[in-house]
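1. Build me a model:
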Amino acid sequence: MMEVIPDVRDGLTRTERIVLYVVHETQRELNGRNVPTAMLYGRVLEYVDMSEAELHVYLDRLGVRGDAL
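-> Numbers count the residues shown, from 1 in each chain. Presented below is the predicted three-dimensional model:
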């Protein structure tokens, strides 16, 4: 239930925050290069259970576009 309630500080849900964290950490590992969506999906699954379609919904909501992030 807590995954869908936005935080009062910035309006992000727990899942959105996880997606952004994983993008950031993976970009650091790749020395700032784009993160392939398949790689991101695999890493996000370590934190939260979601379908690939759900990940794309979150990425769209966060303003992330394209095959590679």
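2. Could you report the distance from L12 to Y21?
-> Per Cβ to Cβ, to the nearest Å, L12 is found 10 Å from Y21. For every residue, glycine as well, the C-beta is placed using N, CA and C.
3. so the spatially most central residue of the chain is in which element?
-> In the chain, the residue lying closest to the centroid (Cα atoms, centre = their mean) is V19, at 2.0 Å. Counting by DSSP states H and E, the element that carries V19 is helix 14-29.
4. going on from that helix, what's the next piece of helix or strand?
-> helix 37-44.
5. Run the angle between the helix or strand following that next one and helix 14-29 for me.
-> Sequence-wise, the next helix or strand downstream of helix 37-44 (DSSP H and E) is helix 52-61. Interaxial angle of helix 52-61 relative to helix 14-29 (axes from the mean of the first three to the mean of the last three Cα atoms, to 10 degrees): 80 degrees.
6. how about low-confidence regions in the protein?
-> For the chain, the stretches with pLDDT under 70 are 1-4, 7, 65-69.
7. Grab the nearest non-local neighbour of L62.
-> E16 (6.2 Å; Cβ to Cβ, 6 or more residues apart in numbering).
8. Actually, V64.
-> Closest to V64 by Cβ to Cβ, 6+ apart is V23, at 7.3 Å.
9. these two touch, right, that neighbour and V35?
-> Yes. If you go by Cβ atoms under 8 Å, V23 and V35 touch, sitting 5.9 Å apart.
10. just to revisit the earlier point, buried residues in the helix holding V19?
-> Of the residues in helix 14-29, 15-16, 18-19, 22-23, 26 count as buried by neighbour count, 16 or more other Cβ atoms under 10 Å.
11. list the helices and strands it packs on?
-> The contact analysis (3 or more Cβ pairs under 8 Å, 6 or more residues apart in numbering; DSSP states H and E) places helix 14-29 against helix 37-44, helix 52-61.
12. Which of the residues in stretch 44-54 are classified as buried?
-> 44, 50.
13. now that stretch, how far from the centre of its chain.
-> 9 Å (Cα atoms, centre = their mean, to the nearest Å).
14. now the end-to-end length of that stretch.
-> Using Cα to Cα, to the nearest Å, one end of stretch 44-54 lies 11 Å from the other.
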